[in-house]
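Trainee: Okay, sequence plus prediction incoming.
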Amino acid sequence: MKSAAVVNYAPEKGSVEIREIERPEIGPDDVLLEVANVGVCGSDLHQWTADHSWPVNYPVVLGHEFGGHIVEVGKSVENWKEGDRVVSETAAIINADNPMTRRGLYNLDPTRKGFGYGVNGAMTKYVKVPSRILHNIPESLPFEQACLTEPCCVAYSAVVKNARIEPGDRIVVLGPGTIGILCAAMARLCGAEVAIVGLEQDSHRLEIAKQYGCEVIIGDAGPWAMARDGLGCNGVIDAAGASVTLKIALDLVRPAGWISKVGWGPQPLNFSLDPLVQKNVTLQGSFSHNWPIWERVIALLSSGQLDVKPIIGGVWAIEDWHEAFEKMHSGEVVKSVLKP
């Protein structure tokens, strides 16, 4: 039985199309998931526009933000059954013997391969998922919200695990995309005053960020960062997809402050890192997430403490993937969601 899938078939720009693919065969430790909803990530857009900086196993079905119902269970799988409502982590392939994996940091296993670039993702009707990365979601959490657990986990990791926010801190978030807005929302949950910074073309997305209680700034965030005592903000979360924003972060952060960098930027820096040294600033990279982060985020979503509804710009059928991609790429919506 074949199903429509959004396939990235080559490294050239625009090499994405609908193809019919076979229903996956699962192994003894896998489940087969019938996808209810799948979010469009910035990385899906980067593979579509061919300006990504990671290896891709072409051809590959896109999509790594997803949830659905289990429709088949491998013979060795325990504690899961057909009909369970689940979301899935992204670490489709890991090395169980890698030192990072043994520490529970399998997201940092260098051999890790994820859905949507390393193995077939979820922009289709059925996806094969290792049972080790499944999480239950309650009936009260709709799939179009639950499928965004993954970007929420990226934000949780960048803001809670890889930063050090105290209530009353002033935090600047650079980049009002999905991750930037979710990072701002997380920082607000931690008790910080938050300003999120973008460009003129980001005005619609910045308006959505206001719903999370953030100050929005177009252009120079310097006056806001310096307003309290002239030294700068306590921390900067760099969620923009360009290397140059790190220089802005160094200008805004106070001495002994911190920068949590979650945005990818393949460009050379072309500026000095001396301010990092002079200000004694902590620069922390933040990549992906692991099991306990997913459980925390699902609790936040289920309780309503974290509401992703404001960022969802619409739900499109798989066949209308191009419109969903275009609306995100242009900034007309923050997050597009597909429904197979």
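Mentor: That came through fine. Residues are numbered from 1 along each chain as shown.

Trainee: How much space separates the closest residue to Gly177 other than its chain neighbours from Glu295?
Mentor: Nearest-residue entry for Gly177: Gly42, 6.0 Å, with adjacent residues in sequence omitted and distances by C-beta to C-beta, 6 or more residues apart in numbering. For the C-beta atoms, the positions are set from N, CA and C on the backbone; glycine is no exception. Look at Gly42 and Glu295: by C-beta to C-beta, to the nearest Å, they are 25 Å apart.

Trainee: same check, this time on Asp320
Mentor: The spacing between Asp320 and Glu295, counted by C-beta to C-beta, is 33 Å.

Trainee: neighbour count winner among the two?
Mentor: Between Asp320 and Glu295, counted using other C-beta atoms under 10 Å, the more crowded position is Asp320 (15 against 12).

Trainee: ok, now which ones touch the more buried one?
Mentor: By C-beta atoms under 8 Å, 6 or more residues apart in numbering, the contact set of Asp320 is empty.

Trainee: repeat for Pro266
Mentor: 51, 53, 243.

Trainee: May I have the phi/psi pair for the second one?
Mentor: It refers to Ser53. Backbone torsions of Ser53, given as degrees, to the nearest 10, read phi -130, psi 30.

Trainee: Just give me the neighbour total for the nearest residue to Tyr9 once chain neighbours are set aside.
Mentor: Nearest-residue entry for Tyr9: Pro59, 4.0 Å, with adjacent residues in sequence omitted and distances by C-beta to C-beta, 6+ apart. Using other C-beta under 10 Å, Pro59 has 16 neighbouring residues.

Trainee: pLDDT at Pro59, what is it?
Mentor: Pro59 carries a pLDDT score of 98 in this model.

Trainee: is it true that it touches Pro11?
Mentor: No - Pro59 is not in contact with Pro11 according to C-beta atoms under 8 Å; the separation is 10.7 Å.

Trainee: For Ser43, give its distance to Gly121.
Mentor: From Ser43 to Gly121 the distance is 10 Å (C-beta to C-beta).

Trainee: do the same with Gln201
Mentor: For Gln201, the distance to Gly121 equals 28 Å [C-beta to C-beta].

Trainee: More neighbours: these two, which one.
Mentor: The residue with more neighbours, out of Gln201 and Gly121, is Gly121; 28 against 10, by other C-beta under 10 Å.

Trainee: Surely the more buried one and Glu65 touch.
Mentor: No - look at Gly121 against Glu65 with C-beta under 8 Å: they stay out of range, at 9.1 Å.

Trainee: Name the residues contacting each of those two.
Mentor: Common neighbours of Gly121 and Glu65 (C-beta under 8 Å, 6+ apart) are Val38.

Trainee: Which residues are in contact with Glu22?
Mentor: 1-2.

Trainee: Contacts only, for the closest residue to Cys147 other than its chain neighbours.
Mentor: Of all residues not flanking Cys147 in the chain, Asn37 sits nearest, at 4.2 Å (C-beta to C-beta, 6+ apart). Contacts here follow C-beta under 8 Å, 6+ apart; on that basis Asn37 touches 66-68, 143-144, 146-147, 315, 337-339.
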